[in-house]
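Student: Build me a structure from this.
(3 chains)
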Amino acid sequence: MPLAIWWIRRDLRLSDNAALKAALRDGFAPLPLFILDPRLLDNHFTSPRRLGFLFANLRALAADLEARGAYLLVRRGDPLVVLRRVLAESGAVRIYAEEDYTPYARRRDARVARDLPLVQVLGLTVHHPTSVRKPDGSPYTVFTPFSKAWKALPLPLAGAGTPLPTPWPSLPRLAGDPLPEIPPPAAFPAGEAAAQARLRAFLAAAVYDYAEARNRLDRDGTSRLSPYLRFGLLSARQVVQAAQEALTRAADPAARRSVETFINELIWREFYHSILYHFPQVARMAFRPDYRDLPWRTAPHDRQAWQEGRTGYPIVDACMRQLRQEGWMHNRGRMIVASFLVKDLLINWQDGERWFMQNLIDGDIAANNGGWQWVAGTGTDAAPYFRLFNPVLQSRKFDPEGHFIRRYLPELAVLPTEYLHAPWQMPREVQERFGVRIGRDYPAPLVDHEMARARALAVFRRSE
DNA sequence: TTTTGAGTTGTTCGA
DNA sequence: GTCGAACAACTCAAA
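Tutor: Model prediction:
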């Protein structure tokens, strides 16, 4: 049986793997290879925690492969050099990989494809960025029409294609490089089975209350699937297909709406991958040209206080500490802290984008960039005028009893709920009574929101 | 070409 | 406490 390299990048799964299926369909024995690319291990977006999650999942994939009589070859180095060498050592005659749309991935793959027999297949997203287009062929830049066109396309079936061979065809045993030892994150168990279990658990119950519960910081109402989608422990179409099956089991219109809301979130993911594909410059600058030169504040101390969760706004600080502790942040929290950095502190959204990438287990260039530009109002949104979150209102609305704040800010846990969202409003004697003195036991607010709101509106209005 | 309707997730104000 | 309008008039997509 002829041999082909199955070049694994962000598709760490055996089920519904388009690259693996294509290699088998074409009659090849797939040699699984993961390349530790120095440029991905060390750049300004690198996150040790995300690498820890990646390596844990690579170990899980290696175990799954060994259970099938195969193994995972890990090599460190420049992808083109590694691939050329593994082709020579193994006698493989082709390379199969799932297509990736970040600017770096596209440069890398184009370079490889010039010299080596690389076959790229669709798999990162359900539909290719060039498949979802306006009638005139140009890409959408507004979500709602994009989502309508996306939904109008037929959904490819995740179960379709070649089944996995048992046992795996025999492979030449090549020597690999070791995976770096980084402790894996506790909150997200590694491996394809864990990812499938998480998906099943979510679709069995929580998805039917998703529309409302997903906004609550104090509840476990989100899917928590983002790290698994980030590294392809699940394929996007497996998740969409499973969600559509859940849709048929919805008991009432509210439950239906919830499942549809969840599917919409998956389409947002596709939308931002499409934006990055068609407008790669968004990775370096604002999507909207008129917002590329805003008068951002250079405020290293404010920025550091934001990073460390010391802004004096409990909801912001609790979210930022959740990020540092767990490598993950609730979606509502991401919007709140992003709005605070960009609008209240007037600090460049790209600083926040980088901090998120350096800390998020699920950090993905397309989705992270899209989210930041959406909050900043510099992105693909046609009507961003007054998108400016009030941190106290958001706090009262989405953490009404303060359970979330108390969990991540133990120094405030003793406070009655009425003071928890805006503790600087406590009279001095109340501060003394609870032992929480503003400015000593907990920071005073970094900025006054009313002042900051007026300042941000003026700045964003001026630069049109 | 022109026109029209609509745009993830908000906030404030006043009735 | 709730609700609708105003915010300020932009940009995109589609008819």
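Student: what's the longest strand in chain A?
Tutor: Using DSSP state E to define each element, chain A has its longest strand at strand A:29-36.
Student: Lowest mean pLDDT among the helices and strands, pick that one out for chain A.
Tutor: The helix or strand of chain A with the poorest confidence is helix A:449-462; it has a mean of 85 (mean pLDDT, DSSP states H and E).
Student: on that earlier part again, just the CA trace of the longest strand of chain A, in PDB.
Tutor: Presented in PDB, the C-alpha positions along strand A:29-36 are these (Å, rounded to 0.1, in the frame of the first residue of the first chain):
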ATOM      1  CA  ALA A  29      -1.700   4.300   4.200                       C
ATOM      2  CA  PRO A  30      -1.700   7.500   6.300                       C
ATOM      3  CA  LEU A  31       1.400   8.300   8.300                       C
ATOM      4  CA  PRO A  32       0.300  10.700  11.000                       C
ATOM      5  CA  LEU A  33       2.700  13.600  11.400                       C
ATOM      6  CA  PHE A  34       2.600  16.700  13.700                       C
ATOM      7  CA  ILE A  35       5.200  19.400  13.200                       C
ATOM      8  CA  LEU A  36       6.400  21.500  16.100                       C
END
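Student: tell me what that strand is packed against?
Tutor: On a contact count with 3 or more C-beta pairs under 8 Å, 6 or more residues apart in numbering; DSSP states H and E, strand A:29-36 meets strand A:3-8, helix A:18-25, helix A:48-67, strand A:73-76, helix A:79-90. Every residue, glycine included, has its C-beta placed from N, CA and C.
Student: Please identify the most buried of those.
Tutor: Of the helices and strands packed on strand A:29-36, the one with the most neighbours on average (mean count of other C-beta atoms under 10 Å) is strand A:3-8, at a mean of 25.
Student: I'd like the mean pLDDT over that strand, please.
Tutor: For strand A:3-8, mean pLDDT rounds to 98.
Student: hmm, back to that, what residues sit buried inside the least confident helix or strand of chain A?
Tutor: By neighbour count on 16 or more other C-beta atoms under 10 Å, the buried set for helix A:449-462 is A:449, A:452-453, A:455-456, A:460.
Student: Give me the pLDDT value at the residue in the stretch 51-200 of chain A that DNA strand B sits nearest to.
Tutor: Per C-beta to the nearest atom of the strand, residue A:144 is where the stretch 51-200 of chain A lies closest to DNA strand B, at 3.2 Å. In this prediction, residue A:144 carries a pLDDT score of 91.
Student: mind listing what residue A:265 touches?
Tutor: Residue A:265 makes contact with residue A:223 under the criterion C-beta atoms under 8 Å, 6 or more residues apart in numbering.
Student: Where is the longest helix in chain A?
Tutor: Using DSSP state H, we find that the single longest helix of chain A is helix A:253-278.
Student: What's the first helix or strand after that helix?
Tutor: helix A:300-308 (DSSP states H and E).
Student: In terms of secondary structure, what does that next one contact?
Tutor: Contacts defined by 3+ C-beta pairs under 8 Å, 6+ apart place helix A:300-308 against helix A:314-326, helix A:349-359.
Student: Number of residues surrounding the residue in the stretch 201-350 of chain A positioned nearest to DNA strand B?
Tutor: Using C-beta to the nearest atom of the strand, the closest approach of the stretch 201-350 of chain A to DNA strand B is made by residue A:268 at 4.1 Å. Using other C-beta atoms under 10 Å, residue A:268 is surrounded by 16 other residues.
Student: My read is that it contacts residue A:143, right?
Tutor: Yes - judged on C-beta atoms under 8 Å, residue A:268 makes contact with residue A:143 at a distance of 6.7 Å.
Student: contacting residues around the residue lying closest to residue A:115 once chain neighbours are set aside?
Tutor: Among residues not flanking residue A:115 along the chain, residue A:80 sits closest, at 6.6 Å (C-beta to C-beta, 6 or more residues apart in numbering). Residues counted as contacts of residue A:80 (C-beta under 8 Å, 6+ apart) are A:108, A:111-112, A:115-116.
Student: For the stretch 201-350 of chain A, which residues are neighbours of DNA strand B?
Tutor: Residues of the stretch 201-350 of chain A found near DNA strand B, taking C-beta under 7 Å from any atom of the strand as the criterion, are A:215, A:264-265, A:268, A:331-332, A:335.
Student: and which of those is nearest to residue A:397?
Tutor: Nearest to residue A:397 among those: residue A:215, at 8.2 Å, using C-beta to C-beta.
Student: Look at the closest one and say how many residues are nearby.
Tutor: 17.
Student: Contacts only, for it.
Tutor: Contacts of residue A:215 by C-beta under 8 Å, 6+ apart are A:221, A:332, A:398.
Student: Just send the residues you listed back as CSV, with pLDDT, neighbour count and secondary structure too.
Tutor: Below are those laid out as CSV (pLDDT from 0 to 100; neighbours: other C-beta atoms under 10 Å; DSSP: H, G, I helix; E, B strand; the rest coil):
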residue, pLDDT, neighbour count, secondary structure
A:221, 95, 22, coil
A:332, 95, 22, helix
A:398, 94, 18, helix
